[in-house]
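Q: sequence first, then the predicted structure, then my questions.
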Amino acid sequence: MRVLEVDEPRELALCVDEQQRRQRVDTGLMDAVAPGEVLLVHAGTALAREPV
Amino acid sequence: MRFVQEFRDAGLGRALAGEILALMQPGRTYKLMEVCGGHTHSIYRYGIDGLLPEEVELVHGPGCPVCVLPMGRVDDGIAIAHEPGVIFTCFGDMLRVPGSRGSLLEAKAQGADVRIVYSPLDALGIARANPDRQVVFFAIGFETTAPSTALTLKRAKAEGISNFSCICNHVTIVPPLRALLDSPDLRLDGFIGPGHVSSVVGARPFQFIPADYGRPLVISGFEPLDVLQSIHMLLAQLAGGRCEVENQYKRVVAWEGNQRALEVMAEVFELRPHFEWRGLGFISQSGLRLSSAYAELDAERRYAIPDVRVADPKACQCGEVLKGVIKPWECKVFGTACTPERPIGTCMVSPEGACAAYYSYGRYEREREVV
């Protein structure tokens, strides 16, 4: 999922998937993420980065 | 989108299939297990099996979290869902999984407050919004979803949210693989390793497969070219007399996995001595439960649950499908009494289930013609 916005203090990111569905994602298991990055997300939690 | 379209190029797929053919040793057959239900889905969605030579057989593994859940655990969840005042939350594909006396969907129809959530964090949000109700999350999945549950429980504890709890059905992937390798029913030549689980656990936990059992494993991505390349890598190992763990999915999977995820899982969970798997029976140290530090958030301690082992329906052969002993279409009820609309077995419920994948992408008709 591609990161649109980051809420760093709450370790959350607003992301969008291939079908343009927006979802709130927990980024607590990742180093700081930035808008534009693509994340592997499972059950609402980011697990890894995917190359852009 | 890059890394989506590039990995679905039909021309490159056919070229890879030709290279796989070139690696084959005359007179030899190859039986490869795709461990993950996501791979099963990709294989039948994109017709990857149709590109492969007849001598390469793909066998479906136990890596669909819904499929391996035994009926007794569904019954436990339904019992909690019927508790007065409980809001019971679960992933959507759990709703139609049959227990011994119905499903969560039927429990909802009978008045239980059962709600679908996208993530455990959403369930925690429901708990925050309903402080006068008890909210229970039905956690399922392998090491891909377990970190999300662990992180949510950690946040619930930190915030002191007392009306949230979890019934934990998380399982780990290595013990069932070892059980399959120890089984006399199945002779495998190699494994297409689980890509998303490996993003958490890394590659190291799979090294026992080449070391102890002499079988190669290639961690694979989920696009069609990922799967074809992984099959090519497996056959290249076999042709070259090598046997090791390789990582085709390097663009996502780090060899060491996600250390933060492993740490939070180690804090929140502990291994159960035994856990029952549909079709595979009880496997030692294969299931997770909440650690003593999180006991107050454990729904199994908060509520009385039946905790009874329930045998699968006699007609259902999900167990043999999950062990790769039979193909979905060889099950007696496949496509007749058991369909995605009215499933008898779990493999027909989840999109990652082998039976649902066969049924949804037309393999039902094709395989019936072969018969």
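A: Yep, it's here. Residues are numbered from 1 along each chain as shown, chains lettered A, B, ... in the order given.
Q: which positions in chain A make contact with chain B?
A: By CB under 8 Å from any CB of the partner chain, the residues of chain A that approach chain B are A:18, A:23-24, A:26, A:28-30, A:38, A:40, A:42-45, A:47-52. (Glycine included, C-beta is placed from N, CA and C.)
Q: got phi/psi on B:Asn130?
A: phi -130, psi 70 (degrees, to the nearest 10).
Q: circling back to that earlier point, please list only the buried members of the residues of chain A next to chain B.
A: A:24, A:26, A:28-30, A:38, A:40, A:42-45, A:47-50 (16 or more other CB atoms under 10 Å in any protein chain shown).
Q: apart from its neighbours in sequence, what residue is nearest the closest residue to chain A within chain B?
A: Nearest residue of chain B to chain A, counting by CB to the nearest CB: B:Ser119, 2.4 Å away. Of all residues beyond its chain neighbours, the one nearest B:Ser119 is A:Gly44 (2.4 Å), with distances taken as CB to CB, 6 or more residues apart in numbering or on different chains.
Q: quick check: the one you found touching B:Leu124?
A: No - counting by CB atoms under 8 Å, B:Leu124 is not a contact partner of A:Gly44; they are 10.3 Å apart.
Q: who's in contact with B:Lys154?
A: Listed by CB atoms under 8 Å, 6 or more residues apart in numbering or on different chains, the contact set of B:Lys154 reads B:264, B:267-268.
Q: closest one of the buried ones among the residues of chain A next to chain B to chain B?
A: Nearest to chain B, judged by CB to the nearest CB, of these is A:Gly44 at 2.4 Å.
Q: show the pLDDT at that closest one.
A: pLDDT, A:Gly44: 96.
Q: where does the residue of chain A most remote from its centre land in three-state SS?
A: The outermost residue of chain A relative to its centre, with distances by CA atoms, centre = their mean, is A:Gln19 at 15.1 Å. Here A:Gln19 is recorded as coil under DSSP: H, G, I helix; E, B strand; the rest coil.
Q: gap between the helix of greatest length in chain B and the chain center?
A: As assigned by DSSP state H, the longest helix anywhere in chain B is helix B:224-240. Centroid separation between helix B:224-240 and its chain, computed with CA atoms, centre = their mean, to the nearest Å, is 22 Å.
Q: could you pull out the buried residues of that helix?
A: Buried residues in helix B:224-240, counted by 16+ other CB under 10 Å: B:224-238.
Q: ok, stretch B:146-160 next?
A: B:146-157.
Q: thinking again about what came up before, which of the residues of chain A next to chain B fall in strands?
A: With strands taken from DSSP state E, the overlap with the residues of chain A next to chain B comprises A:23-24, A:26, A:38, A:40, A:42, A:45, A:47-50.
Q: just to revisit the earlier point, now go through the buried residues of stretch B:146-160 and say which are in helices.
A: Those of the buried residues of stretch B:146-160 lying in helices (DSSP H): B:146-157.
Q: in a markdown table, list these along with distance to B:Asp312 and pLDDT.
A: Below are these laid out as a markdown table (distance: CB to CB, whole Å; pLDDT from 0 to 100):
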| residue | distance to B:Asp312 | pLDDT |
| --- | --- | --- |
| B:Ala146 | 25 | 98 |
| B:Pro147 | 30 | 98 |
| B:Ser148 | 28 | 98 |
| B:Thr149 | 26 | 98 |
| B:Ala150 | 30 | 98 |
| B:Leu151 | 33 | 97 |
| B:Thr152 | 31 | 97 |
| B:Leu153 | 31 | 98 |
| B:Lys154 | 35 | 97 |
| B:Arg155 | 36 | 96 |
| B:Ala156 | 34 | 98 |
| B:Lys157 | 36 | 98 |
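Q: any chance of those residues in TSV, plus distance to B:Cys168?
A: Converted to TSV, these look like this (distance: CB to CB, whole Å):
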residue	distance to B:Cys168
B:Ala146	9
B:Pro147	13
B:Ser148	12
B:Thr149	7
B:Ala150	10
B:Leu151	14
B:Thr152	12
B:Leu153	9
B:Lys154	14
B:Arg155	16
B:Ala156	13
B:Lys157	14
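Q: name the residues that touch stretch B:200-214?
A: Stretch B:200-214 has contacts (CB under 8 Å, 6+ apart) with A:47, B:143-144, B:146-147, B:173-174, B:177-178, B:181, B:191, B:193, B:198, B:215-217, B:219, B:243-245, B:247, B:253-258, B:261-262.
Q: now the terminal residues of it, how far apart.
A: End-to-end span of stretch B:200-214 (CA to CA, to the nearest Å): 24 Å.
Q: tell me which residues of it come out buried.
A: Neighbour-count burial for stretch B:200-214 [16+ other CB under 10 Å]: B:200-203, B:205-206, B:209-210, B:213.
Q: do stretch B:296-307 as well
A: Neighbour-count burial for stretch B:296-307 flags B:297-300, B:302-303, B:305-306 (criterion: 16+ other CB under 10 Å).
Q: name the nearest residue to B:Asp9, sequence neighbours excluded.
A: Nearest non-adjacent residue to B:Asp9, counting by CB to CB, 6+ apart: B:Leu225, 6.6 Å away.
Q: that neighbour against B:Leu16, yeah?
A: Yes - contact between B:Leu225 and B:Leu16 holds when scored by CB under 8 Å: they sit 6.6 Å apart.
Q: and B:Cys166, which of the three is it?
A: Counting by three-state DSSP, the backbone at B:Cys166 sits in strand.
Q: number of nearby residues for it?
A: By the criterion of other CB atoms under 10 Å in any protein chain shown, B:Cys166 has 29 neighbours.
Q: go ahead and confirm it touches B:Thr149.
A: Yes - B:Cys166 is within contact range of B:Thr149, at 6.4 Å (criterion: CB under 8 Å).
Q: shared neighbours of those two, anything?
A: Here B:Cys166 and B:Thr149 have B:120, B:137, B:139 as joint contacts, going by CB under 8 Å, 6+ apart.
Q: do you know how far the residue nearest to the first one when sequence neighbours are not counted is from B:Thr89?
A: It refers to B:Pro120. Spatially, and ignoring its direct neighbours in sequence, B:Pro120 is nearest to B:Thr152 (3.9 Å; CB to CB, 6+ apart). The gap separating B:Thr152 from B:Thr89 is 11 Å, by CB to CB, to the nearest Å.
Q: overlap of the contact sets of these two?
A: Common neighbours of B:Thr152 and B:Thr89, counting by CB under 8 Å, 6+ apart, are B:123, B:137.
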